[in-house]
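Student: Sequence and predicted structure below; questions after.
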Amino acid sequence: MTQLARTSLPIRFALPRLGLPAACALLALAVGAAYLLVAWWNVGRFGPGAWGSTAVAAALCGVSASIALVLTARGGTASAVSALLGGMLIRMGVPLAAGLYITAQRGFLSQHGFLGQLMLLYLVTLACETLLSLSLRPADSIAASANQALA
C-alpha cells in the first residue's frame, strides 16, 4: 500500500492593515464599479430602466455590507464572533428581505431585472466585505476569539 506524502506548502497571503474609513471607501469603489458593469449589461436586456433598478440593488447591498463591516470592526477581541455573526445577519437579511418584498410587488424594479441584479451585486459585496473585514482585524485576535467561542 502506498502512502501519499504529506507536503505542507506555506501559503503566505498577507492583507494590508486598513482602517475602517479606508475599508469603507474601498467597498464603495467596488460597489460603484460593480454597479456600472451590471447596469450596462442589463440595459440591453431590460431597457434604460435597468439603471434605476441596479442603483437600488447596489444601494441595498452596499449599505448592508458597510454596516456589516462597521460591526466587524467595532467588535472587540472578546466579541469578535458575535460581531461577525451580527454583520452576517445584516448583510444577508437586508438584501434578502428587500428582494422578496420588491419581487412580490411586481412593480417597476422587478420588471427591470431587480432580483438578478441584487444577486450579482450581493456576491460582489460579499467577497469585498469579507476581504476587507479580514484586513481590519489581526489574525491573532480572530484566532483567540474563535478559541474562546469553542471553549
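Tutor: Now that the structure is in, tell me what you want to look at.

Student: tell me the contacts of the residue nearest in space to the middle of the chain?
Tutor: Nearest to the mean C-alpha position of the chain, counting by C-alpha atoms, centre = their mean, stands residue 126 at 2.2 Å. Residue 126 is in contact with 65, 91, counting by C-beta atoms under 8 Å, 6 or more residues apart in numbering. C-beta coordinates here come from the backbone N, C-alpha and C atoms, glycine included.

Student: host element of it?
Tutor: helix 114-136 (DSSP states H and E).

Student: buried ones in that helix?
Tutor: 114, 116-118, 120-122, 124-126, 128-130, 132-133, 135-136 (16 or more other C-beta atoms under 10 Å).

Student: Please apply the same query to stretch 51-58.
Tutor: Under the neighbour-count criterion of 16+ other C-beta under 10 Å, stretch 51-58 has 51, 53-54, 56-58 buried.

Student: model confidence over that stretch, on average?
Tutor: Averaged across stretch 51-58, pLDDT comes to 94.

Student: any idea how far it is from the chain center?
Tutor: The chain centroid and the centroid of stretch 51-58 are separated by 17 Å under C-alpha atoms, centre = their mean, to the nearest Å.

Student: can you list the weak-confidence ranges in the protein?
Tutor: Along the chain, the model assigns pLDDT under 70 to residues 1-15, 76-77, 137-151.

Student: With adjacent residues omitted, what lies nearest to residue 24?
Tutor: Excluding its sequence neighbours, the residue lying closest to residue 24 (C-beta to C-beta, 6 or more residues apart in numbering) is residue 66, at 5.7 Å.

Student: what inclination does the host helix or strand of that neighbour have with respect to helix 114-136?
Tutor: For residue 66, the enclosing helix or strand under DSSP H and E is helix 49-74. In terms of direction (axes from the mean of the first three to the mean of the last three C-alpha atoms, to 10 degrees), helix 49-74 departs from helix 114-136 by 30 degrees.
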